[in-house]
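Engineer: Just a sequence and a predicted model for now, questions to come.
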Amino acid sequence: MKKDMFQSPDHFNIDKLFTEEQLLVRDCSREWVKKNVTPIIEDCAIKGEFPTHLIKGMSEIGGFGGILPFEYGGSELDYISYGLMMQEFERGDSSIRVLSSIQTSLVMNSILKFGNQVQKDNYLKKLSRGEIIGSFGLSEASHGSDPSSMNTTFIEKEDHYLINGSKMWIGNAPLCDIAIIWAKDNINNYGGFIIDRSMDGFSTAKIDKKWSFRASETGELIFHDMKVPKSALLHKSNNIKEALGCLNLGRYAVAWGALGIAMECYDVALRYADEREQFGKKIGGFQLIQKKLVDMLTEITKAQLLTWRLGVLMDEGSETFEQISMAKRNNVKMASDIARSSRQILGGMGITSEYPIIRHLINIETLITYQGTDDIHTLITGRMITGISAFN
Ligand SMILES: Cc1cc2nc3c(=O)[nH]c(=O)nc-3n(C[C@H](O)[C@H](O)[C@H](O)COP(=O)(O)OP(=O)(O)OC[C@H]3O[C@@H](n4cnc5c(N)ncnc54)[C@H](O)[C@@H]3O)c2cc1C
């Protein structure tokens, strides 16, 4: 692994749009990634293991629940600061952003939004300190894009709920101490529950055979006649939209994370083009290479503005989930195109673990699919524009 020389491109002085605090959060996250993630992440990806020793350090720089109130262990960060942190974490590797973002966006934020006081007091501070790790289980093997058809069931008994079923493709599943999971009863209510790993009937399995998100622990949550105390009910609604609403902040984090990947791929390609010589001159002097770099920088700049603006709307509390969809879809596609161009600029070296490009390129394949596929975000945006749903 070469020395991490990363500098974020800023062709339109976009840094001037950020406050001092936002830049501090970004720079602190960047330095942490350079020191702790870059030197080890290629090996972790090759081994297919998450570097769990980083969890404590992540918590110390506000990587878990930074946007939450102080009383629950947060730092009351604004959404742009949070986004910049996600950008920097994912520049290091998707696995780092995923651990932080599941914990913050999907687990802590769900407990903050739906939890009662006891649940907040029991879990939020421990999650913010990284003493416990959470996962969020909505998708199932047979129901990904359409979680409303889920097969996992809950039945209300006198003093507990009985849950049966399983959740598939769940980030942090093999590591998690708790899981927020969603199940359905026989009258189409959706229940969200806080599951503790020690509960009888609960188990997890790791998905080992995957080529994307190699350093992220992904797996299955399995519930076999799992008896859940009544106190573990987080939320009950007859509308799946409430569960889906939990994903908004996760998708927002993906939009910023994808920007981080794109910046890294551009930065690496630009340096390589300045070092590598063919036909007796630097390849950066060839017009076709310059065109690729120009396209990359232009697309990154557009995405920076879109993402910054979304952050402003989030901080105002006036964003819509359709805007989040549009940004997630755009930035992932943009990062995918840029990673491919960067890979080409690096020639054969682009497929080696000497450089981060191929790792990012295959991680993006998951970003295209998870937290709502590219198609699903197209349909969400299309419905917003036309007023007509093309989902089914
Ligand atoms: C590495 C990884 C980590 C994940 N982490 C989590 C997690 O932590 N928690 C969680 O709950 N889930 C998680 N997921 C699951 C993820 O959200 C789903 O994979 C995703 O929603 C897509 O579901 P699916 O894979 O079942 O694909 P499907 O829903 O079966 O889709 C297959 C294809 O059909 C297309 N399609 C589906 N419906 C339509 C339609 N109406 N119109 C047009 N095209 C359509 C899709 O776009 C896709 O191309 C993760 C997935 C991966 C790969």
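Structural biologist: Yep, that arrived.

Engineer: Find the nearest non-adjacent residue to the residue in the stretch 51-200 of the chain that the ligand sits nearest to, please.
Structural biologist: Across the stretch 51-200 of the chain, no residue is closer to the ligand than Gly144, which sits at 1.9 Å (Cβ to the nearest ligand atom). C-betas here are computed from N, CA, C, even on glycine. What sits nearest to Gly144 in space, not counting adjacent residues and going by Cβ to Cβ, 6 or more residues apart in numbering, is Trp169, at 7.3 Å.

Engineer: Quick check: the one you found is in a strand.
Structural biologist: Yes: the assignment for Trp169 is a strand, going by DSSP: H, G, I helix; E, B strand; the rest coil.

Engineer: I'd assumed Tyr370 was in contact with it.
Structural biologist: Yes: with contact defined as Cβ atoms under 8 Å, Trp169 and Tyr370 form a contacting pair (7.2 Å).

Engineer: Contacts only, for Gln119.
Structural biologist: When contacts are counted by Cβ atoms under 8 Å, 6 or more residues apart in numbering, Gln119 touches Ile111, Ile194, Ser231, Leu234.

Engineer: does it belong to a helix or a strand, and which?
Structural biologist: Secondary structure from DSSP states H and E places Gln119 in helix 117-128.

Engineer: Could you give the separation between the terminal residues of stretch 267-287?
Structural biologist: 18 Å (Cα to Cα, to the nearest Å).

Engineer: pLDDT of that stretch, averaged?
Structural biologist: Taken as a whole, stretch 267-287 carries a mean pLDDT of 98.

Engineer: mind checking how far that stretch is from the chain centre?
Structural biologist: Remark: stretch 267-287 is offset 33 Å from the chain centroid, using Cα atoms, centre = their mean, to the nearest Å.

Engineer: Buried residues, that stretch. List them.
Structural biologist: By 16 or more other Cβ atoms under 10 Å, the buried positions in stretch 267-287 come out as Asp267, Val268, Ala269, Leu270, Arg271, Tyr272, Ala273, Ile283, Gly284.

Engineer: again, but for stretch 78-90
Structural biologist: Buried positions in stretch 78-90, judged by neighbour count with 16+ other Cβ under 10 Å: 78-90.

Engineer: CA-only coordinates of it in PDB, if you can.
Structural biologist: Only the C-alpha atoms of stretch 78-90 are listed here, as PDB (Å, rounded to 0.1, in the frame of the first residue of the first chain):
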ATOM      1  CA  ASP A  78     -25.200  19.100  12.100                       C
ATOM      2  CA  TYR A  79     -26.100  16.900   9.100                       C
ATOM      3  CA  ILE A  80     -23.400  18.400   6.900                       C
ATOM      4  CA  SER A  81     -20.800  17.500   9.400                       C
ATOM      5  CA  TYR A  82     -22.200  14.000   9.700                       C
ATOM      6  CA  GLY A  83     -22.200  13.700   5.900                       C
ATOM      7  CA  LEU A  84     -18.600  14.900   5.600                       C
ATOM      8  CA  MET A  85     -17.700  12.200   8.200                       C
ATOM      9  CA  MET A  86     -19.400   9.600   6.000                       C
ATOM     10  CA  GLN A  87     -17.600  10.900   3.000                       C
ATOM     11  CA  GLU A  88     -14.200  10.400   4.700                       C
ATOM     12  CA  PHE A  89     -15.100   7.000   6.200                       C
ATOM     13  CA  GLU A  90     -16.200   5.600   2.900                       C
END
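
Engineer: Start and end of stretch 85-100, how far apart?
Structural biologist: With Cα to Cα, one end of stretch 85-100 sits 9 Å from the other.

Engineer: Name the helix or strand for the nearest residue to Gln87 once chain neighbours are set aside, please.
Structural biologist: If the residues on either side of it in the chain are set aside, Gln87 comes closest to Gly260, at 3.8 Å by Cβ to Cβ, 6+ apart. Per DSSP H and E, Gly260 falls inside helix 247-275.

Engineer: which helices and strands does whichever helix or strand comes after that helix pack with?
Structural biologist: Using DSSP H and E, the helix or strand that follows helix 247-275 in sequence is strand 277-278. When contacts are defined as 3 or more Cβ pairs under 8 Å, 6 or more residues apart in numbering; DSSP states H and E, strand 277-278 packs onto no helix or strand at all.

Engineer: strands paired with strand 277-278, and their directions?
Structural biologist: strand 281-282 (antiparallel) (DSSP bridges).

Engineer: which is the next helix or strand following the strand or helix carrying Lys292?
Structural biologist: Element membership of Lys292, judged by DSSP H and E, is helix 287-316. Counting by DSSP H and E, the next helix or strand C-terminal to helix 287-316 is helix 321-345.

Engineer: got the buried residues for that following helix?
Structural biologist: 321, 323-339, 341-343, 345.

Engineer: Can you check what angle separates the helix holding Lys292 from helix 247-275?
Structural biologist: Relative orientation of helix 287-316 versus helix 247-275 (axes from the mean of the first three to the mean of the last three Cα atoms, to 10 degrees): 150 degrees.

Engineer: near the ligand, which residues of the protein?
Structural biologist: For the chain, the residues in contact with the ligand (Cβ under 6 Å from any ligand atom) are 102, 136-139, 144-145, 169-171, 213, 218, 366, 369-371, 373, 375-376, 379, 391.

Engineer: Would you check that Cys265 makes contact with Met334?
Structural biologist: No: using Cβ under 8 Å as the test, Cys265 is too far from Met334 to be in contact (10.5 Å).

Engineer: those strands in the stretch 101-250 of the chain, which residues are they?
Structural biologist: Here the stretch 101-250 of the chain has its strands, by DSSP state E, counting those that start in this stretch, at 134-137, 153-156, 160-171, 178-184, 190-196, 202-206, 218-229, 233-237.

Engineer: show me what contacts the residue of the stretch 51-200 of the chain closest to the ligand?
Structural biologist: Met168, Trp169, Thr373.

Engineer: any idea how far the residue nearest to Met263 when sequence neighbours are not counted lies from the ligand?
Structural biologist: Distances taken as Cβ to Cβ, 6+ apart place Ser8 nearest to Met263, at 5.1 Å, with adjacent residues excluded. For Ser8, the distance to the ligand equals 26 Å [Cβ to the nearest ligand atom, to the nearest Å].
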